[in-house]
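Novice: Sequence and predicted structure below; questions after.
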Amino acid sequence: MIRNKSESRKPTIDLSGPEGNAFCLLGYGKQWAKQLGLNWDEIEKKAMDGEYEHLLETLDKYFGEFVIFER
């Protein structure tokens, strides 16, 4: 099968697979924060202040411009 290249060059995180695990997502968040020069401790504190959906919302708020989260 031949397909056209995707216009989006953003990495995609499949939330229904192993990458969607909360601990895995926190690991990605830490890595992205370091790459972007953001304060990970502050972001992590906000992300951990709720349940899984809150974690996703927080990560999307800070990193949604650079990564695609898929369900």
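Specialist: That came in fine, so what should we check first? Numbers count the residues shown, from 1 in each chain.
Novice: Grab the most central residue of this structure for me.
Specialist: Leu59 (5.1 Å; C-alpha atoms, centre = their mean).
Novice: That one and Gly29 touch, don't they?
Specialist: Yes - when contacts are counted by C-beta atoms under 8 Å, Leu59 is listed as touching Gly29 (5.4 Å). Just so you know, the C-beta spots here come from the backbone N, C-alpha and C atoms, and that holds for glycine as well.
Novice: Which helix or which strand is home to the residue nearest to the centre of the chain?
Specialist: Taking DSSP states H and E as the definition, Leu59 sits inside helix 52-63.
Novice: pLDDT of that helix, averaged?
Specialist: On average, the pLDDT along helix 52-63 is 97.
Novice: Residues in contact with whichever helix or strand comes after that helix: which ones?
Specialist: Counting by DSSP H and E, the element after helix 52-63 in chain order, helix or strand, is strand 68-70. Applying C-beta atoms under 8 Å, 6 or more residues apart in numbering, the contact partners of strand 68-70 are Ser8, Lys10, Pro11, Thr12, Ile13, Asp14, Leu15, Ser16, Leu56, Leu59, Asp60.
Novice: Now for the last one, how many residues are close by?
Specialist: Residues within reach of Asp60, counting by other C-beta atoms under 10 Å, total 13.
Novice: Repeat that for the second one.
Specialist: Other residues within reach of Lys10, judged by other C-beta under 10 Å, total 13.
Novice: which residues does the residue nearest to the centre of the chain contact?
Specialist: Contacts of Leu59 (C-beta under 8 Å, 6+ apart): Leu25, Tyr28, Gly29, Ala47, Phe69.
Novice: Which residue comes closest to the fourth one once chain neighbours are left out?
Specialist: Once its chain neighbours are removed from consideration, Ala47 has its nearest residue in Thr58; the separation is 4.0 Å (C-beta to C-beta, 6 or more residues apart in numbering).
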